[in-house]
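**Student:** Predicted structure and sequence below. I'll ask about it afterward.
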Amino acid sequence: MGKTIIEKIFEGHSRDTVKPKEIIWLDMDIATARDFGGPNVVKNLEKYYPNDPIPKDNKKFIFTFDLVAPANSKKYANNQQICRDYAKKTGVEVCDVDKGIGSHLLYDYGIITPNMTVVGTDSHYNILGAFGAFGQGMGDIDVAYIVKKGRTWFEVPETVKITIKGKFEFPVTSKDLTLFILRKIQTKFALGKAIEFYGEVFDNFTMADRITLCSMVTEMGGIIGFIPFNKENIDDMRNRSQREFQMPFEADSDAGYKDEITIDIQGLSPQVASPPYPHNVFDASELGDIKIDSGFIGSCTNGRYKDFELAYKILEKHSMKPGVVLSLVPTTREVFAKMLETRLLNKFFEKGVIISNPGCGGCAEGHIGMTGKGQFQISTGNRNYPGKQGAGKTYLASPATVVASVITGKITDPRELL
């Protein structure tokens with residue numbers, strides 16, 4: 001029997017026999033730690049390796065300060081400084097509070113390339129499947145071990161295959177596709193498994209589209225998700241790469257899958273996830289009576305330049321409803337710089353939009369995009385459980401649907417405004 005994509009990546013990073021459900025030792029190419037888990041990684045290195053708390057390879061360990069950037073409390077300021085002090089002693093790189101979301105920086109800086117293995121203190125590290133790599137979020141003790149030893153044990157996941165039938169056109173977006181997949185498979189179909197996505201819809205997927213879908217594999221219960229590459233995707237990654245570029249693995253024609261499903265998206269409409277679950281998804285038109293107080297566009301799922309560009313296509317000829325607030329948080333300095341260069345930032349500012357520095361924004365308590373008790377928000381984030389973006393209720397949607405909703409003051413299908 002042939003191999004799936006995850007099996008091929010694991011084979012290239014292990015001396016053990018790679019078969020589904022087998023536990024193997026896996027060599028890791030990169031480990032990262034955020035300002036949230038980073039200080040505990042340092043403390044664990046010093047606790048368990050008191051005589052030599054130095055990384056096995058300091059070029060393979062990176063700190064990324066993105067969750068609370070800049071620090072909004074003494075606690076986070078101290079946590080970040082613990083990491084900076086450790087980095088000065090060991091030569092580890094720090095992507096500080098001015099840089100942006102760590103998983104996105106690996107892409108922006110050309111650190112991540114297909115077929116790599118990466119871990120980080122981030123529950124959405126399977127976003128790296130967008131780049132043909134294996135990414136996994138782990139706890140601070142696990143990451144500390146990997147930093148010191150360069151490997152970890154892992155159970156080889158089974159793989160499920162999801163084929164998408166049909167295409168969509170703007171203002172329906174990749175976020176709507178992602179939410180629709182969640183609506184169909186819920187959380188059990190892919191639980192603990194790798195996912196391979198197929199279908200002609202991916203022929204025109206940009207890197208931003210890929211990021212959106214792969215980011216929310218977490219919410220599908222999946223370990224990692226892979227999407228076929230088109231020429232534009234390959235050229236983009238090759239041009240960024242700071243190391244020898246490898247073509248992404250493809251599954252063998254006779255690869256074995258635990259399960260397969262086809263999802264028909266013909267006639268797909270804008271989707272909205274109602275709290276408290278990302279898979280509690282409805283057509284936007286079904287929720288039109290729900291008034292909203294604020295909108296948020298950002299997060300690792302929808303904070304690329306294309307996301308803001310699509311959002312402005314809706315906002316351009318309209319004004320926001322008085323009393324409704326819209327906040328934007330770009331993922332990285334690269335995205336922020338392009339918004340400055342193209343004057344997209346100015347255009348949003350002139351519409352009365354609040355714009356923050358690169359980072360996670362509303363996914364972190366105390367930062368832009370939080371809600372108060374009784375407040376209703378529509379967000380491009382990836383989770384909507386109570387407390388995730390404050391004390392209010394959060395609905396998940398595409399950038400286009402978020403903007404349409406802040407224009408009307410209620411959840412709105414963006415097609416109504418074109």
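**Tutor:** All right, it came through fine.
**Student:** For the closest residue to residue 291 other than its chain neighbours, give me its contacts.
**Tutor:** Nearest residue to residue 291, sequence neighbours excluded (C-beta to C-beta, 6 or more residues apart in numbering): residue 410, at 4.9 Å. Every residue, glycine included, has its C-beta placed from N, CA and C. Going by C-beta atoms under 8 Å, 6 or more residues apart in numbering, residue 410 touches 288, 289, 290, 291, 292.
**Student:** Skip the chain neighbours and tell me the closest residue to residue 165.
**Tutor:** Leaving aside its chain neighbours, residue 165 sits nearest to residue 264 (4.6 Å; criterion: C-beta to C-beta, 6+ apart).
**Student:** can you give me the helices in this protein?
**Tutor:** Applying DSSP state H to the chain gives helices spanning 5-11, 38-48, 74-90, 102-108, 140-149, 174-185, 207-215, 231-240, 305-315, 333-341, 344-350, 399-408.
**Student:** what's the closest of those to residue 57?
**Tutor:** Evaluated over the helices of the chain, closeness to residue 57 peaks at helix 140-149, with 8.9 Å, by C-beta to C-beta.
**Student:** Please name every helix or strand in contact with the closest one.
**Tutor:** Where contact means 3 or more C-beta pairs under 8 Å, 6 or more residues apart in numbering; DSSP states H and E, helix 140-149 is packed against strand 30-34, helix 38-48, strand 117-120, strand 151-155.
**Student:** which residues touch the longest one?
**Tutor:** Judged by C-beta under 8 Å, 6+ apart, the contacts made with helix 38-48 from elsewhere in the structure are 33, 53, 55, 63, 65, 78-80, 82-83, 86, 121, 140-141, 143-145, 147-148.
**Student:** again, but for the first one
**Tutor:** Contacts of strand 30-34 from elsewhere in the structure, counted by C-beta under 8 Å, 6+ apart, are 41-42, 60-67, 83, 102, 106, 111-112, 116-122, 140, 143, 146-147.
**Student:** quick one, domains of the protein?
**Tutor:** Domain ranges of the chain: 5-155, 159-248+255-264, 271-417, per automatic domain parsing.
**Student:** Can you add mean pLDDT and give those domains back as JSON lines?
**Tutor:** Formatted as JSON lines, the domains of the chain follow (pLDDT from 0 to 100):
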{"stretch": "domain 5-155", "mean pLDDT": "96"}
{"stretch": "domain 159-248+255-264", "mean pLDDT": "97"}
{"stretch": "domain 271-417", "mean pLDDT": "94"}
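**Student:** Am I right that residue 297 is in contact with residue 328?
**Tutor:** Yes: taking C-beta atoms under 8 Å as the definition, residue 297 is a contact partner of residue 328 at 5.1 Å.
**Student:** who's sitting farthest from the centroid in this protein?
**Tutor:** residue 51 (36.7 Å; C-alpha atoms, centre = their mean).
**Student:** Distance-wise, check it relative to residue 224.
**Tutor:** 36 Å (C-beta to C-beta, to the nearest Å).
**Student:** same deal with residue 417?
**Tutor:** Taking C-beta to C-beta, one finds residue 417 at 36 Å from residue 224.
**Student:** In contact with the residue lying closest to residue 238 once chain neighbours are set aside, which residues?
**Tutor:** Nearest non-adjacent residue to residue 238, counting by C-beta to C-beta, 6+ apart: residue 245, 4.9 Å away. By C-beta under 8 Å, 6+ apart, the contact list for residue 245 reads 113, 114, 237, 238.
**Student:** Now which of those would you call buried?
**Tutor:** Buried subset of these (neighbour count, 16 or more other C-beta atoms under 10 Å): 113, 114, 237.
**Student:** Any idea how many residues pack against the residue nearest to residue 316 when sequence neighbours are not counted?
**Tutor:** Spatial nearest neighbour of residue 316, excluding adjacent residues (C-beta to C-beta, 6+ apart): residue 347 at 7.6 Å. By other C-beta atoms under 10 Å, the residues close to residue 347 number 15.
**Student:** what's the spacing between residue 347 and residue 312?
**Tutor:** 6 Å.
**Student:** so residue 418 makes contact with residue 270?
**Tutor:** No: using C-beta under 8 Å, residue 418 makes no contact with residue 270, being 11.4 Å away.
**Student:** which of those two has more neighbours?
**Tutor:** Per other C-beta under 10 Å, whichever of residue 418 and residue 270 has more neighbours is residue 270, with 26 against 12.
**Student:** Apart from its neighbours in sequence, what residue is nearest that one?
**Tutor:** residue 284 (4.2 Å).
**Student:** Just to check, residue 108 is in contact with residue 337?
**Tutor:** No: Residue 108 is beyond contact range of residue 337, at 10.4 Å (criterion: C-beta under 8 Å).
**Student:** who has more neighbours, the two?
**Tutor:** Using other C-beta under 10 Å as the criterion, residue 108 and residue 337 rank with residue 108 on top: 18 against 14.
**Student:** one step back: who has more neighbours out of residue 297 and residue 328?
**Tutor:** residue 297 (32 against 29).
**Student:** Now do the contacts for that one.
**Tutor:** 303, 307-308, 311, 326-329, 379-380, 399, 402-403.
**Student:** Take these and write them to a markdown table, including distance to residue 260.
**Tutor:** As requested, those are arranged in a markdown table below (distance: C-beta to C-beta, whole Å):
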| residue | distance to residue 260 |
| --- | --- |
| 303 | 32 |
| 307 | 31 |
| 308 | 36 |
| 311 | 35 |
| 326 | 40 |
| 327 | 40 |
| 328 | 39 |
| 329 | 37 |
| 379 | 32 |
| 380 | 30 |
| 399 | 31 |
| 402 | 33 |
| 403 | 36 |
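**Student:** quick one: which of those residues is nearest residue 74?
**Tutor:** residue 329 (23.1 Å).
**Student:** sorry, back to before: what is the nearest of the buried ones among the contacts of residue 245 to residue 197?
**Tutor:** The shortest approach to residue 197 among the buried ones among the contacts of residue 245 belongs to residue 114, at 15.5 Å (C-beta to C-beta).
**Student:** tell me the contacts of the closest one?
**Tutor:** Counting by C-beta under 8 Å, 6+ apart, residue 114 touches 131, 132, 133, 229, 237, 245, 246, 247, 248, 249.
**Student:** Good, wrapping up.
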